[in-house]
Structure formats: structure tokens, C-alpha cells
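Undergrad: let me see the structure of the following:
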Amino acid sequence: MSQPATHDDGTSYADEGSLGSIESGEDAIQRDRTAEGLASSENQAVAYVRKGIMIMLFVTAMISIEFVYHSTLQRQKKTAAALFYSQAAQVQQRLQESWTHQHATAAKGLANDISRFANILQEEYPTVTIPDFPSTTQTARDLLNLSGVWWFPLVTKENRAEWEEYAPNHADWIPSKLSDNLNLRFRYNAEEATARRLVSIRPDIFNADGNPAVGDGPFAPMWQMFPADEASHLVNLNLFSLKDWQAPILDVLSTGNPTWGPILDASEANVSPVSAFLYPVLSDKNSSKVKAIVVLLSSWESLLRKEGLTASPLNLMAVVRDSCQVGVNVTFDLNNGDFQGWNRDASKDADASLHSELELSSASCNYTVSFYPSSSSVRNHKAFWHAFVTALGFALAASMFAWYDLLVAKRQKVVLEHAVQSRAIVSSLFPEQVHDRLFRRESLGEGGDPSLDEDVTQDDSTLVVFEPTKQRLRSFLDHNGDVSMSEGGGLKPIADLFPNCTVLFADISGFTAWSSVRDPAQVFTLLESVYQAFDKIARKRGVFKVETIGDSYVAVTGLPDPQEDHALIMCRFARDCRAKMNAITQSLDLTLGPDTSDLRMRFGLHSGPVTAGVLRGEKSRFQLFGDTVNTAARMESTGQRDQIQLSATTADLVTKAGKGHWIRAREEKVVAKGKGELQTYWFHPQNSRRSISSTVSDDSLTKQSDDIWGNQEDGEADDSQLDMMQQKQKHIRLIDYNVDLLAGLLRQVIAQRRMLNLAKIDATQEPAPVFSREKSNVKVLDEVVEVISLPEFDAAAYKGYVDPETINLGPAVKAQLKRYVAVIAAMYRNNPFHNFEHASHVTMSVNKLLQRIVAPEMKVRRRSLQMGGKELASDLHHYTYGITSDPLTQLAIVFAALIHDCDHWGVSNQQLVKEGVPIAEKYQNKSVAEQNSVDLAWDLLMDEEEYGELLKCMFATQSELDRFRQVVVNVVMATDIFDPELLAMRQARWDKAFTERDDDTPNRKATIVIEHIVQASDVAHSMQHWHVYQKWNRRLFDELYTAFRAGRMAKDPSEFWVDGEVKFFDSYVIPLAKKLKECGVFGVSSEECLNYAINNRNEWKSKGAQIVAELVLNYKLRDEEEAERLRQEELNKENGKKRRFARRRSLFTSGG
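TA: Residues are numbered from 1 along each chain as shown. Now for the predicted structure:
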């Protein structure tokens, strides 16, 4: 029986506890009361602090509101003053120019016209009439926006009779009916003017009272005027009889100089006040004798406010006074642009501190124009609203503080209640000395120093109720690794040894080569889909996921909680993950492109002791250490795709668990680094009912093959039939991938059209497309242009955004698109290299490069993020030369990649010319295969009966159809890299666009980029991972070697293949990759292409000879196998004949 724990002096904890419990009843109550009293006093202190904070907040708010109000008000006054003086200066400058120069210039021109007409007509003053007077005055009226233009002769007593006889006979300049374009109404009542309108003018000179003018003269009878339709009754009115006109007319007569008259009130005619500018008409240039006077009537509203003077309303009030009429003034509000009133002085209501004056001098009347702030500029409540917003902010802050304080108070109350309860529980369970040490240790564990407490000795540390290490590790895992930096400094590390674990390492076989062909977003789509599915299976199986590194997945069983069957659990987990991987890659084959469904996982498992712990730091991580981990990693690295490899230890555990029939020993031993030769095992569960795979496995393919073709005699499916089924399924997946890619681009085209419609950019005026299958005499090669014209950027199209994913193409368009791609696929011959699979690889590479056309400069990206959609679109348009903003161009590029090798014969153009095939003659022995591909694919597409809905969806206008055709032609012809004329043209265009830096290069650069996209994609395998390069390089060699064996190639490719590939890299692939970089639009993709190209070139140079030897050997072995197969077929046929003959003979002899 175990002894109770004791102190150093022999006193047991149990004894101490029992004594403490007897002695501490009243003490515990007293301690609880003391704690409650302490909490109450602390609450009172908090309440005082709370009140103080609220008072300080209120005082601060009042001071801030006052400061904001007055500072805003002062800033507002300063801004208003600056605006006022600026606008006043503008108006004064314009008014000064109009006053001193423009009126004199206009009046002088009119006076000269009057004198010129008098000389031409050989008339003597006063009997002068200007023909077409409105046209003569048109320039002056338009320049100064005049209210009216007059002129009148000076009539003396001697020639008065002549004038009164002349005037009635020359009044035909007066209109006979009302004009529709009146811009002046006189101060006389309109009804009275209409009533006094005469068919003929009054013949005699009359005064304002209506009586004939008397005296010795001179007289100033009003004569020609504009407008005249409502003022013809004023003709022959003696202006000397009008008091306001006497002084200015006499000034002109006495001085011979122009002058301004007083302000004339025109309020009765609903016209703002005007002033008359009088200009003398002299008898000749050398004389100062005044024969007539020109009068320009200018509205003060037009003088003070001229259209276009400022972009914003004028915050001014103007008061005009003249010296001829003391006490008379007019006021204008330039903000509203209207006349405020006669004899209304705005200076009484204006701010006296803001005032500006302009003196305008004249011979008869001097004017003073005073400017004041308008009422609209004075009435501004900005200061009030600023203060209101400030007050609202403080009120909100106070409310949030009060709410937060209320929540904290509630929480503190709950915490206090729990603390009191916990203390009571601890007090009832432990003696006073023990629970005091526990609480003291708890406080020290939060950062205290044990050396500061004299009561704590080294042995007292055993009293601390620490969590066990495994429990702390489990807590870390349960809380997602929440370990702070401070915890790593003084606490014991969280780590322990777990003796019974199974570690799994898994990676995706072929992932590196696969990812080199994909866009980064596609790579992460695959990894996220796969590993999220694995995580779900791990939770279901009770497996702990450690981490993922790249395409590697690490998991462990047996920790943090022990698992007796940890090895079997991990094997089943690996089985489920393998099945799920196959299902996911099958489903993603459409969106991520060809070969995705060919990816498989590779698993390695090993069992044994594992050291697991938390590496604490800025980002804490859970890690596994030990030989078991290293061995599991070796099991994975030496494994095979789609296989689960177990170490001997793991296999033994699975066997002990009763599943030994799931284990099969690997035929050959593996050599593991640091381990030597190891015997490993394959895990092949026979019962896969619990598999979560939804894909078609190899076994199911075998069963389908058996069902279709019948079982073979040995019980296994014929390999050729199985391969045929797999190839057919792959072919279908390639078609679906290309259809999905083209459909996505087609949705973008339609989305852009809808954005144009939203922006009301009408493209319906363009002619509708004409789809014709008629053969043209123009060869495809002759259609190649140096520069393709792409649409210019239109910012209006980006006012609204249409998501392409919301576009529904409709079942008819989808069906026709799929049928078209399927027919194109059927047009590809069964060549090893130039086949539909390679065309799909090119389209995928084209799509990757199109997706990577972005601006790599950080400044551009940062600025674009801060801009709106239109600015970002404009930046990308100009940076990428218009390619990114035209989905139709991108659709044409992908379409060209799809059809570029259609009906390829598997031999070069030179061989086709040499053989004299019909298409070589048709295309005049130039770019034979390329032109043939374009003609076949285009003729198929233009079949309206088959693809009518698809064509309508693709092309809305003839210009779209033409641009699409031009891009396709240029792109496909660019894949002929051996035509010297095309090479020379492309090089000259490159030099002009990127070397000479010609300004007229956006479309030229766009053409170069478009062609380089397909050129690079056509040889993309040489700029991708070594395994990808090897795959297509072997196929190309196979195609050429087959042609050589068939007599369709002059030279054995095995003789030049090694050096030829190196030269091809040096002369074409690497320079092309460098040009991709120099284009400046592909970002890091150009660096990636160049690095892969250089690495592949170097690796080929070192391994090429060995690879070519293997290729030739494999070809010979295939020949032997084919010969053996043919011999076996002939033998089977012969045996079949013999069996049939024997059966017939037996039937004959038996009488059957």
C-alpha cells in the first residue's frame, strides 16, 4: 500500500489538510468577507475614475467643439475673402477692357462703315441710310452682347426741310412685322408702342412730348436702329428733347471724342439697366466736325458678368453709380446672374470689411462700380456642421465608452463571483498553507520571480499543479497552436516521445512537370482541392495532419492520443486519399487542362517511435522528429505513382491486425539513403467498398473492356483494347477542355458587348457580318499584314461591369461549339507529335501566357489598386498594347492555336513540296501545312447551317469578323518558322517596334506579342519542365523517324538529333524566350520560360546522345514486337482455318 506524501519534516499533506480544514472554518468566512470588501472598495474606485473620465470627456468635447467652430469660421472667412478678391479682380479686369477698348473699337468700326457707305452711295449728311443695317451691326452686337445699336445724323436748321422730305421715303429698313429674335425692349410701355406703330414713320422731327421740334437746332433725330420692329415709332424723335441725352450729345459735339451717357432705367420693359456709349461720325478723316453719332446700348448685367468668365458662380454683388445722377444706383447679384433692383444699395447689407471699387471715367459721366460679397457667400453653415459632427463624434465615443464599461462591469462581476466560489472550493479542499502556495505559484507563473518570495523554496516547486507534458501538447493541438512568444522564454518546452506511431509522407507524382505548364492560380486550385479533401478524410479517420510542404502531405497516427491500430488506420487513410485524389483529378481535368487526370499520389508509411513537440517562436509549429520520420520519407521517395509503400515494420503491424492478405512484398528491394537495401511492401486492400473514389480506376477500365470485347482466354483484358479505351477517354477530355476554354472566352466577348450597351456605345450602325464559304482567289499567306489594328480603349465601356460568369451561352451555342471542336479534333491525323493532343497543349500554353499578361512594376500595380475600374483598365490596355481589353482578340489567339496543325501530314513543308502533293501546288509551295489548316478550319466554321448560332454569338459586326480572321491568319502563319520571307518581315517589325522605339508602335507591338504567344506556345514543351520536354521531344523524334523509315525524309534524324536540338535551342528557343522578356508584358512568366529553356538545353547536351540511342533501340524493339504480332496473327488465322475445316469434316462424317 502506498504511503501518503509528506513534507521534509515527516508531516503528511493529508494530516496538514485535515488540520487546516478544522482550523479554517471561520477564517475562510472571514477571508471571503475580506475579499468581497476589497472588491467593493475596488468597484467604488473604478466608479470614481469612470465619473472623472466622463467629466474630462465632456470638457474636452466642449473645448473641441468651440475650437472647431471658430477655427472653421475663421478659415471660412479667409477662403471667402480670397475668393471674393480674386473674382472681383477678374470682373474688374474684364469690365475695364470692355469700357476702355472694346466699345470704342466696335463703335469706331461702325462709324467707319457709315462713312464708307455714304461715300459709296455718294450721299451727303444727314441724308444717309445704311443698307442692311442689322448685318452691318452684327459683329459689334456679337462681340459685346449689346442690347441695341443706333445711329442718328445731326440736322441743322438749314437742311431740316431736306431731311424731313428724305426720311419718310427711305424708311424701308424698318421691318413690317414682329421679329422672333428680339434682344431689346425700350423703357416705353410695350402696348403703347404697339398702339403707336405706324405703317409709315412720322415725317417731321418731334420732341419727347410729341410736338414738333422748334428752334435753330441742331437736332438729333433718331434714325436707323436695331432692333427696330418695336421702336420704329421713335424714328425722328429729337434726342435733345430727352434730358438724360443732352449732356452726352453736347460733349461729343464739343470735343469730338466718344463718351458714356448716364444709366438708363429699362425696368418697365423687363430689361436690366443700360448705359449708352456715344461715338462721333466725322465728315472726313482730317476734319473734327461731327456729322452723326453712333450709339451702343450696353446692359450692365452683360458688362459685369460675361459667359465663360469663371467655371463657378461669382459670389459677388455689384453696385453701379454714375456722377450724372447723384443718388441713383443699380445693384446686380453676379452669383445668380440677375438684376436685383433700381436704387437698391447692397452695400448696406454687405460686410464692410470686404469691399472693392473700380473707377470708370468718361467725358460726361464718371462711373463707380463697387463690389461686395453676395448673400450666398455670406450664408454658409460649414462651421456649424463641423462643430455638429465633432459633437456627434464625442457623443458616439462617450456612448461606446459607457457601453464598453457596462460590459466590462458585467464581466468583472461574473469573474469575481467565480473567483470567490473557486477560492471557497480550494479553501475547503486544501489547508491554508497549500492553497496560499498554489495561488502564489499561479501568480508567479504569469511572470513573477520566485526568488522574491522568501516562503518559496526549491522543493516547493513540487507543489505546483503543472499540466503533464502530453496534456499540454494536446492543449496546443486542440487550440490550433496558440502559444505566445512569452511562453517560450521561461516554461518547459512542449515536447514528448510517442513510442507507437505511424507516419505518412505523400506527394503528387509528376506534379513539378504538370505545374510548369499551368498558371499559378491553377496550381493552387489543385492543391487546395486535394488537400482540403485529405483533411476531411483525416478528421473522419482520426489521423493528425502535421503539415503540407509544396505538393507533399505529412500525417501521423498514434498521437497525441494513443491508437492501438495506428498502422491500419493510416493504411486505410492512404487508401481513401488515393481514391479521392483520382476522383478530384478526374473532375478537374476540364478546368485545369489535359493531363490533370493523369496525376497520381505516391504514399510512403513507416511505424515506430516519434518525438513530437512545439517549436515556439513568432509562428509556433508542431513538428515530428526521429528516425521514423526519415524512414517514412524514404518510403515515399522510393515508391511508385498510385502506390502505397509500407516499410517492413508497418507491414508487420498490418499483418498482426488481421489484414496480412492486403500486403504484397515488392519484387525488388529499394535502396534508401542512409538505410541501404530495404524490403518494402505494397498495400493492396481487396475490399474497397469504403473507398470514396468516384473515378474510373484501372480495374474498372479492365472490367469495362471485358464487358465490351469479351474475356480473353487467360482472364485478362487485351492491353491494346484497354489502351484504346483510355485513349478515347483522353481524347474526349481534350475536346471538353478546349470547349470549356473557348466558351469562357466567348462569355467574355459577350460581357464586353453588354458593357458597351450599358455605356450606350452603339455598334449597331456597323454592317452585320457576312458568313461565306465561297473560295477566294487570295491565298492565306497573302492576307498576312505587318500590323493588326486592335480597338482603341474606350473608358465609357467600363462604367458598368458585367461578370462573364453570369453569361449563359445557351444550349444551341454550346452544342455547336462542342461539335465544331470535335470535328477539328477529327481533322488531326494520328501523328505522334502533330496531333490533337499537341494542339491542346498549345492552347493551354497560350491561355497561360494570356493570363500572365500583367504589369510587373510595383508602382503600376500599387497605383492601379488605388484607382477605380476605368483607370486600371486603361493602364492595362496601354501596358499590354490593347490585348487585355479585347476578349475577341484573345478568343482568336486560342482558336488559332487549336487549329494551327489541323490535317498536318506528319512531314515538313519542304517534303510536301518535294512530293508534289496537290495542296503544295495550291499554295504555291509556301507555308503549305499552315495555309491548309486555316482554310479547312475556316471553311468549317463558316457553315451557317451547322454553326449559325455559334457564329452569331461570336461576331456581332463585320469588323469583328474581319479582325478575328486577321488575327487567326497572322497567328497561324507565324508558326511557320522556316519561311525566310516571313522571318525577315517579323524581324524587321521587331526592330522597328522594340529597337528603333518608333512612336507609332502600339498596334505593331500588339501584333508582335500576339504572334510570339503562339510561337512560344508551339514549342512550349522546350520552355517547361524537363519531363514535359522529354515527352514531346520523344514524340517529335518518333514522328520524324517514322517518316524517314517510310522514305519521306532524306536524312536519318538519329544522326543529327543531338546537335540539332542544341542548335534549335540556341538559334530559336532561347532567343524567343528572351524576346518574351523584352516584350515586357509577360511578367515573371518570361523569366520562367527562359530559365526552363536554358536548363533543358544544358541537360539535353549532357544526356541527349544517350536518350537518342534509347529512342532508336525502342523503335527497333517495337518493330520486332510488331513483326511478332503480325506473325502471330497470321498463325492464328491459319489455325482458325484448320479448326473450321476439321469441324466441317466432323459434321460431314457424322452426318450432321
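
Undergrad: okay, CA-based contacts and neighbour counts for the rest of this
TA: Will do.

Undergrad: for the stretch 601-750 of the chain, which spans come out with low pLDDT?
TA: In the predicted model, the stretch 601-750 of the chain carries pLDDT under 70 at residues 686-723.

Undergrad: and the helices in the stretch 451-600 of the chain?
TA: Along the stretch 451-600 of the chain, the stretches classed as helices by DSSP state H, counting those that start in this stretch are 469-478, 487-490, 511-516, 520-541, 566-592.

Undergrad: mean pLDDT for the ones you listed: which is lowest?
TA: Set side by side, the helices of the stretch 451-600 of the chain show their lowest mean pLDDT on helix 487-490, which sits at a mean of 47.

Undergrad: residue 567 reaches residue 504, doesn't it?
TA: No: shown here, residue 567 and residue 504 do not form a contact pair, counting by Cα atoms under 8 Å, at 9.8 Å.

Undergrad: got the helices of the stretch 451-600 of the chain as a markdown table, with mean neighbour count and distance to residue 235 columns?
TA: Shown next, in a markdown table, are the helices of the stretch 451-600 of the chain (neighbours: other Cα atoms under 10 Å; distance: least, Cα to Cα, whole Å):
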| stretch | mean neighbour count | distance to residue 235 |
| --- | --- | --- |
| helix 469-478 | 16 | 107 |
| helix 487-490 | 13 | 108 |
| helix 511-516 | 18 | 96 |
| helix 520-541 | 15 | 88 |
| helix 566-592 | 22 | 91 |
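
Undergrad: of those, which is nearest residue 1108?
TA: Between residue 1108 and these, the shortest gap by Cα to Cα is with helix 511-516, which sits at 21.1 Å.

Undergrad: tell me how many other residues crowd residue 724.
TA: Residue 724 sits with 12 neighbouring residues when counted by other Cα atoms under 10 Å.

Undergrad: for the helix or strand hosting it, buried residues please.
TA: Under the criterion of DSSP states H and E, residue 724 resides in helix 719-758. Buried positions in helix 719-758, judged by neighbour count with 16 or more other Cα atoms under 10 Å: 722, 725, 730-731, 733-756, 758.

Undergrad: what comes into contact with the next helix or strand after that helix?
TA: Along the chain past helix 719-758, the next helix or strand (assigned with DSSP H and E) turns out to be helix 811-827. Residues external to helix 811-827 that are found in contact with it (Cα atoms under 8 Å, 6 or more residues apart in numbering): 735-736, 738-739, 743, 836, 899, 902-903, 937, 940-941, 946-947, 949-950, 953.

Undergrad: quick check: angle from helix 811-827 to helix 719-758?
TA: For helix 811-827 and helix 719-758, the angle between their directions (axes from the mean of the first three to the mean of the last three Cα atoms, to 10 degrees) works out to 140 degrees.

Undergrad: got the angle for whichever helix or strand comes after helix 811-827 vs helix 719-758?
TA: Next along the chain after helix 811-827, taking DSSP H and E as the criterion, comes helix 836-851. Helix 836-851 and helix 719-758 are oriented at 30 degrees to each other (the same axes, to 10 degrees).

Undergrad: residues contacting helix 836-851, please?
TA: Where contact means Cα under 8 Å, 6+ apart, the residues beyond helix 836-851 that reach it are 517-519, 593-594, 731, 734, 738, 825, 828-829, 890, 893-895, 897-901, 1013-1014, 1017-1018, 1020, 1082, 1085.

Undergrad: gap between the two ends of stretch 235-244?
TA: Distance between the boundary residues of stretch 235-244 (Cα to Cα, to the nearest Å) amounts to 18 Å.

Undergrad: how far out from the middle of the chain is it?
TA: A distance of 75 Å separates the C-alpha centroid of stretch 235-244 from that of its chain, computed with Cα atoms, centre = their mean, to the nearest Å.

Undergrad: mean confidence score for it?
TA: When the per-residue pLDDT values of stretch 235-244 are averaged, the result is 84.
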